[in-house]
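Asks: Model the structure of this input:
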Amino acid sequence: MRDDGPLTGWGQRSGLAQVRWVFLLFAFGLALVSLPGIWTAPGTNWWWRAAHVVAVGWLLLRWRTEYRRGPSQVGWHVLDAAALLVVSLPESAFPAVGLFYGACYWRAVSLSTVRAVGVISAYGALFAVVVLVVESVPPPLAAGPVVGLLASSLLIHLIVATMGRHELSLSTERELLAAVLENLDVGVLATDADGALTVVNDAAHHLHPVPIEPTASNEVAGRYGLFEPDGVTPVRADDLPLTRALRGERVRNREVVMASDAGRRTVFANGRAIVGADGRRLGAVLALHDVTGIKRAEAALQRQATHDPLTDLPNRELLRRWLEHAFAQRQGSPPSALLFVDLDGFKTVNDSLGHATGDTVLQAVARRLLDAVSDRGAVARLGGDEFAVLVEDTDLAGLRQLAEHVLARLSVPLDLGNRHLVVTASVGVATSDGSPSAGDLLRNADLAMYAAKEAGRSRFTFFAPSMHEAVVRRLTLEAGLRQAISQQQLQLAYQPIFNLRTGQVTGVEALARWSDPSLGVIAPSEFIPLAEASGLVVPLGSWVLSQACRQAKTWRTRFPSQPIVVAVNLSVRQVREPHLVEAVAGTLSETSLDPTALVLEITEGTLMDRLDAFRTVQRLRDLGVSIAIDDFGTGYSSLARLRDLPVDLVKIDKSFIDAIDDQGGAPIAAATIALAHSLGLRVVAEGVETEEQVAFLRGQDCDAAQGFLLHRPGNAAVIDQLLALDVHPLPAPRTGRGGSPEPAPHP
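Replies: Residues are numbered from 1 along each chain as shown. The predicted model follows:
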């Protein structure tokens, strides 16, 4: 409906309340102004005048109260209308105008809403104003009851038309509000000023399918099954979000669990009180945001962060929290202990059977550990094939029994369908009474586990302080060795190799030596394995090769009549380096050393079953250098395979030379020498320390030897002196076991 005039437009622009207050105030003014005229009008009864006075007083009191307290109930508006009727209608006009005013007020009551009645009361006041104006004008201008009737008719038409417009607007607003509430994904609850539920939209009903009916606030917790975020503790009545909102608090993201037959839902409640324009609290409204999915996702992420996805065991992070908690609570309580479990040879399982089978094995191991530990402790997976068992309140005997039970349970063959697999483990045990912190306990158990592996695997070992001391020394040595290599603080010693026939020094073996200002002299048996394990053997080997080649070039220049050769050891790591051949060629070129002056020593195991290593050694031979098998007899090769190796020289291991004295190693040494000669290979005996060994080697026609009996390793100046002698006096020849007399060499 279009706008019918300034009155309707003004009401829409300013609100119905403003319309009511303004026109009623105007009515009061006109009623008071017209009161003297009505009082003195001829033919007016005294009781009608008294009624006017009472009605004016009543209206003034009622609308003053209405203005302060807000809209009232329908009954009060009926009394207001009666007072307006008395004020506006003189005795002569009552029959005609009263009919129209009654119809108007009946229309207002038929709307059955306080708001609509308030609207009609406002327009009723306007009607009264018009009548008062008509009745108050001087007689020459007045038209009497007829004019009043026409004015009243016009006003009634205006009232009914405007009322219909407001009724339509009100209905549209209700429909819009209902549509919004029912299409919200957020649950909405509302209460009146007494706390009874009056609004529950569909989203709220889906969160908890209870009958949508008013519910007292003190019954909400029990009826809706409201709990704290832990899902166990009921929410206190005074802490209910609606209760707090009714108290005037602003509720923000209050987490509540709602339990019903449909399940448990976690919601965030946000609410506040509903306050009228006059400041009076009319009720409260609450918005419920369903965060169950978010909470489940958070829980899944939390579990993923603290549990191993393959075995569903707690991971290293959760174990760390357990340990920290155990240490925080250990005052006055028994010590806790940690078993560090590492599978033996698990890499072979992955490499041979595949990672899928490896995962199956790990899952089976996790189940067996849980079964073996039972309720005596907690099991965690640290990563890879490493597991841990945290045990509290136990003694050493109990720990020993548990470790034995774990090993026995794991060693039972696993049925993988088409094969059976035996899995063993090494276990390190450490207790908190010997560990100042949670990190130290984990470290100590780890060290004990490595000690168990070094002792033979498939066993358990208790932590001892010496294990930590060894690790500290290892770290110190590694840092010192790294610095010594980078700053060239190492030295080379050379052990001479003697021709057993002539006594001449035919070659030297370059040996790295390390003397640290703070650590002292470190034996090669200690720092060479460390260099191998840490990867430092590659830069160390490069430095040794470069220094040895430079020194060999110097000796060949100073003693041209004695073409000495220098032997340098190559580690397995060096042979597997992709650019080894180029590095050796570059060193020979840089030092201008004849390749025939260099012998590279490798162990038997370096060439076994590794085609890439075999090709690398062959390429080194193509450079012109000689290749020697070092420590022959201790590796994986056999005498039969010696002919297939790309080597020029065989060095018999010291263990076989030592056995010559008691006849145990004589046959092996003799066979090695004979086979090598038949293949055109030279033979050098290592670790010669007795005259009997020299005699035997001479009798077997061994080419050369080295050892403490002949000469200890020395620096380059010592070798200079030996080369200057030309011939070194070897022990006098005599009949060796298994050999024949040999004339002494010429001086």
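
Asks: where's G358, which helix or strand?
Replies: helix 355-373 (DSSP states H and E).

Asks: And the contacts of that helix?
Replies: Helix 355-373 is contacted from outside by 310-313, 341, 343, 346, 349-350, 379, 381, 385, 387, 389, 391, 402, 405-406, 409-410, 412, 414, 416, 421, 423, 425, using C-beta atoms under 8 Å, 6 or more residues apart in numbering. Any C-beta I mention is one placed from the backbone N, CA and C, and that applies to glycine too.

Asks: change it to 6 Å
Replies: Applying C-beta atoms under 6 Å, 6 or more residues apart in numbering, the contact partners of helix 355-373 are 310-311, 313, 349-350, 379, 387, 389, 405-406, 409-410, 414.

Asks: Quick check: E228 vs M258, distance?
Replies: Applying C-beta to C-beta, to the nearest Å, the value for E228 to M258 is 12 Å.

Asks: neighbour-wise, which of the two wins?
Replies: Neighbour tally, E228 and M258, criterion other C-beta atoms under 10 Å: the higher count belongs to M258, 23 against 14.

Asks: where's that one relative to D238, distance?
Replies: In this view, M258 and D238 are 18 Å apart by C-beta to C-beta.

Asks: At which residues are the helices of the stretch 301-450 of the chain located?
Replies: Ranges of helices within the stretch 301-450 of the chain are 316-328, 346-353, 355-373, 396-410, 438-454, based on DSSP state H, counting those that start in this stretch.

Asks: The first one vs helix 438-454, what angle?
Replies: What it means is helix 316-328. 110 degrees (axes from the mean of the first three to the mean of the last three C-alpha atoms, to 10 degrees).

Asks: if we can go back for a sec, including distance to S655, mean pLDDT and mean neighbour count, could the helices of the stretch 301-450 of the chain go into CSV?
Replies: Formatted as CSV, the helices of the stretch 301-450 of the chain follow (distance: least, C-beta to C-beta, whole Å; pLDDT from 0 to 100; neighbours: other C-beta atoms under 10 Å):
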stretch, distance to S655, mean pLDDT, mean neighbour count
helix 316-328, 44, 85, 16
helix 346-353, 29, 88, 14
helix 355-373, 38, 93, 17
helix 396-410, 33, 92, 16
helix 438-454, 21, 90, 21
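
Asks: and those helices as TSV, adding distance to R615?
Replies: Listed next are these as TSV, based on distance: least, C-beta to C-beta, whole Å:
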stretch	distance to R615
helix 316-328	42
helix 346-353	22
helix 355-373	29
helix 396-410	41
helix 438-454	33
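
Asks: Among those helices, which comes closest to E478?
Replies: The closest of the helices of the stretch 301-450 of the chain to E478 is helix 438-454. By C-beta to C-beta, the value is 15.7 Å.

Asks: quick one, that closest one and helix 396-410 angle?
Replies: Counting by the same axes, to 10 degrees, helix 438-454 points 60 degrees away from the direction of helix 396-410.

Asks: Within its sheet, name the partner strands of whichever helix or strand comes after helix 438-454 and how each one runs.
Replies: Once helix 438-454 ends, the next helix or strand along the chain (criterion: DSSP H and E) is strand 460-462. Strand 460-462 sits in its sheet next to strand 425-431 (parallel), going by DSSP bridges.

Asks: Check the spacing between G417 and T616 real quick.
Replies: Counting by C-beta to C-beta, the separation of G417 from T616 is 41 Å.

Asks: which one of these two has more residues nearby?
Replies: Using other C-beta under 10 Å, the more surrounded residue of G417 and T616 is T616, with 22 against 7.

Asks: give me the element V285 is part of.
Replies: Per DSSP H and E: V285 is located in strand 281-290.

Asks: Who are the packing partners of that strand?
Replies: The contact analysis (3 or more C-beta pairs under 6 Å, 6 or more residues apart in numbering; DSSP states H and E) places strand 281-290 against strand 187-192, helix 241-246, strand 263-275.

Asks: Quick one: those as a markdown table, columns for mean neighbour count and distance to E478 too.
Replies: Listed next are those as a markdown table, based on neighbours: other C-beta atoms under 10 Å; distance: least, C-beta to C-beta, whole Å:
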| stretch | mean neighbour count | distance to E478 |
| --- | --- | --- |
| strand 187-192 | 22 | 64 |
| helix 241-246 | 24 | 62 |
| strand 263-275 | 18 | 53 |
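
Asks: Out of these, which gets the lowest mean score?
Replies: Ranked by mean pLDDT, the helices and strands packed on strand 281-290 end with strand 187-192 in last place, scoring a mean of 82.

Asks: which neighbours does the helix or strand following that strand have in its sheet, and in what orientation?
Replies: Counting by DSSP H and E, the element after strand 187-192 in chain order, helix or strand, is strand 197-200. For strand 197-200, the paired strands and their directions (DSSP bridges) read strand 187-192 (antiparallel).

Asks: Only C-alpha atoms, please: export the partner strand in PDB.
Replies: This file holds the C-alpha atoms of strand 187-192, laid out as PDB (Å, rounded to 0.1, in the frame of the first residue of the first chain):
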ATOM      1  CA  GLY A 187      21.100 -22.300  17.100                       C
ATOM      2  CA  VAL A 188      19.200 -19.400  18.700                       C
ATOM      3  CA  LEU A 189      17.500 -19.500  22.100                       C
ATOM      4  CA  ALA A 190      15.600 -16.600  23.700                       C
ATOM      5  CA  THR A 191      13.900 -16.200  27.000                       C
ATOM      6  CA  ASP A 192      11.500 -13.700  28.500                       C
END
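
Asks: got the angle for it vs strand 281-290?
Replies: Angle, strand 187-192 to strand 281-290, by the same axes, to 10 degrees: 160 degrees.

Asks: if we can go back for a sec, turn the helices and strands packed on strand 281-290 into JSON lines, columns for distance to T554.
Replies: JSON lines is the format used below for the helices and strands packed on strand 281-290 (distance: least, C-beta to C-beta, whole Å):
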{"stretch": "strand 187-192", "distance to T554": "92"}
{"stretch": "helix 241-246", "distance to T554": "92"}
{"stretch": "strand 263-275", "distance to T554": "83"}
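
Asks: out of these, which comes closest to I652?
Replies: Of all the helices and strands packed on strand 281-290, strand 263-275 sits nearest to I652, with 78.1 Å by C-beta to C-beta.
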